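>>> Here is the input, now give the coordinates:
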Amino acid sequence: MTAAPGVNATVYDRCAHGYDPHIAFFRTFGRRLVDLAGPAPGERVLDVATGRGACLFPAAERVGPAGRVDGVDLSVTMVELLTSDIGACGTANASVTRMDAQALTVPEASYDVVLCAFALFVMPDPRAAVAGFRRALRPGGRCAVSVPTATLVPGDVEEVREVFHSYAARAGHAAGQRGIYSTDPAALLEEAGFTDVRASEEVARFVFRDVTAWWEWTWTTGIRSFYESLPADLLEGLRREVFALLEPTATPDGLPPGTDRPRFATARRPESDG
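This is a model prediction of the structure:
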């Protein structure tokens, strides 16, 4: 999920049907998060803010039929659609439930692995969420989380990000704050008492076929919250300005690649809380 702090879950209800079109953005980084966590056959995994299953499905593959993956998400529509996806794929070792990541109601010490992709930075209280991750894990269990560091823009055109900041500031939206992508997942894990905390940045490049495809993709992320906060005239002004910046960069093979460098962190619940 990519958005500004305080995004309401209903935004993701409206994103859910067309989630992650044109490029495999969340699926790419979701699979990488699973790789870093390394769930083993037979283990139990909790996927927090599961969305449409970018982490859930690869985790279910890793744990196999003897294991289990439980997804939770606050968005009603995400839960409904992912339930349908799980059934359509015949993924018998996975399920999804509606739950607030900041108030997990799963039994203590009931999971081997907790995953949380691209969600902590939109939560009003990420510390409560991370504390819940630790409670959900068995002693020695692993946690893997990720957060974005910027909005994905074709060609890494910085002027596009400046336009976003400008319109957000004019509208008084949180997206105008320069620090919205400053969440440090490793620091959150350390503060919650996790051990063996390791941080990294993962890099991937994505190509959109044209500016319209990129614009449509942004509407299916949490950026939609920002768009919906703008009066119609400002939204149209924003669209015109970013299209004017990006359309001249188009080639027969699509727009220039955009680079994304999210932060990842992995850690363990201590074997003993003493």
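
>>> Which residue ranges of the stretch 101-250 of the chain form strands?
111-117, 137-147, 195-201, 204-206 (DSSP state E, counting those that start in this stretch).

>>> Pull out the buried residues from the last one.
Translated: strand 204-206. Across strand 204-206, burial judged by 16 or more other CB atoms under 10 Å covers 204, 206. Any C-beta I mention is one placed from the backbone N, CA and C, and that applies to glycine too.

>>> Highest mean neighbour count out of the strands of the stretch 101-250 of the chain?
strand 111-117 (a mean of 27; mean count of other CB atoms under 10 Å).

>>> Only C-alpha atoms, please: export that strand in CSV.
Output of strand 111-117 as CSV, limited to C-alpha atoms (Å, rounded to 0.1, in the frame of the first residue of the first chain):
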residue,chain,number,x,y,z
TYR,A,111,3.0,-17.8,14.5
ASP,A,112,6.4,-18.6,13.2
VAL,A,113,6.5,-15.6,10.9
VAL,A,114,4.8,-12.3,10.7
LEU,A,115,4.8,-10.3,7.4
CYS,A,116,3.7,-6.7,6.9
ALA,A,117,4.3,-5.1,3.5
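
>>> Adjacent strands (with direction) for it?
Applying DSSP bridges to the sheet, strand 111-117 is found paired with strand 44-48 (parallel), strand 137-147 (parallel).

>>> Those strands: which one's closest to residue 35?
For the strands paired with strand 111-117, the distance to residue 35 is smallest for strand 137-147, at 9.1 Å, taking CB to CB.

>>> if we can go back for a sec, quick one, which of the strands of the stretch 101-250 of the chain is nearest to residue 214?
Proximity to residue 214 (CB to CB) singles out strand 204-206 among those, at 9.2 Å.

>>> hmm, back to that, which of the strands of the stretch 101-250 of the chain sits closest to residue 97?
Here strand 111-117 is closest among the strands of the stretch 101-250 of the chain (CB to CB), at 13.6 Å.

>>> Validate this expectation: residue 66 resides in a helix.
No - using DSSP: H, G, I helix; E, B strand; the rest coil, the assignment for residue 66 is coil, not a helix.

>>> helix, strand or coil for the nearest residue to it once chain neighbours are set aside?
Excluding the flanking residues, the one nearest residue 66 by CB to CB, 6 or more residues apart in numbering is residue 42, at 4.1 Å. When classified by three-state DSSP, residue 42 comes out as coil.
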